[in-house]
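Enquirer: following is a predicted model, sequence given first.
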Amino acid sequence: MKKTSNIGKYYYCFPQTVAMIGVQTNIMPAAWHTPISAEPPLYGILISPKRYTYELLIKENGFTVCFVDVSHAQLSAQTGSTSGRTVDKTKAFNITYTQAERVNGPILQDSYAAYECEKFDVKEYGDHFLFVGKIVLLHFQENVVNENRLTNEKKIAPMLYFGKDRYITTDPSSLAIHKRS
Ligand SMILES: Cc1cc2nc3c(=O)[nH]c(=O)nc-3n(C[C@H](O)[C@H](O)[C@H](O)COP(=O)(O)O)c2cc1C
């Protein structure tokens, strides 16, 4: 295995699910996001201060995180290469959504799951800010979720990002279950 201390891009954790981050009526895709705590339910998103979304996140007290399937890769590319500063993305890209109930953000109609997050904490880490949200309302399509509240691998082809504009999804036939001892 080759070693280097010249770190540069260290994106070997890809592929990662793309989350669509919504504030007010603006949407941007994010590949850098993570669950943080189960109780309380905390979710983190990493946002560069260059983004319009960052400005909105500073002003508002919440945001939405929507998960859509891989058929939305083009939408990810479109909303990830335009800024809400100059483009009304929901109009420009015909995005249908409803207003979230507990925070000021959109819930994309095509989402198979979405979180409404109240702003819980914000910290700067290098060139990104970690916005931690407390999930106060969970949306999910009942027909794609199994009894353990997990996404059914046969019903959803998640949108995974592999870096450099490459999208990929899962192969349900590859599912393996290895019980923990
Ligand atoms: C697949 C994908 C993943 C991205 N992930 C992030 C991310 O995690 N954090 C971030 O700050 N920007 C990320 N971006 C860039 C923003 O989505 C992009 O700059 C967007 O145009 C910002 O929109 P806004 O100015 O309306 O906020 C990503 C872009 C793409 C296409």
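Expert: Here it is on my side, so go on.

Enquirer: the nearest residue to M20 once chain neighbours are set aside: neighbour count?
Expert: Nearest non-adjacent residue to M20, counting by C-beta to C-beta, 6 or more residues apart in numbering: C66, 4.3 Å away. Where C-beta positions appear, they are placed from N, C-alpha and C, glycine not excepted. Here the count is done by other C-beta atoms under 10 Å, and C66 has 26 residues near it.

Enquirer: wait, C66 touches G22, no?
Expert: Yes. With contact defined as C-beta atoms under 8 Å, C66 reaches G22; the gap is 6.4 Å.

Enquirer: name the residues contacting each of those two.
Expert: Shared contacts of C66 and G22 (C-beta atoms under 8 Å, 6 or more residues apart in numbering): P106, I107, L108.

Enquirer: which ones are touching the second one?
Expert: Contact partners of I107, counting by C-beta under 8 Å, 6+ apart, are G22, T64, C66, Y97, T98, Q99, A100, A114, E116, H139.

Enquirer: specify the beta-bridge partners of the residue nearest to M20.
Expert: M20, A114 (DSSP bridges).

Enquirer: report the separation between it and the ligand.
Expert: Distance, C66 to the ligand, by C-beta to the nearest ligand atom, to the nearest Å: 13 Å.

Enquirer: same check on A30?
Expert: From A30 over to the ligand (counting by C-beta to the nearest ligand atom), the distance is 3 Å.
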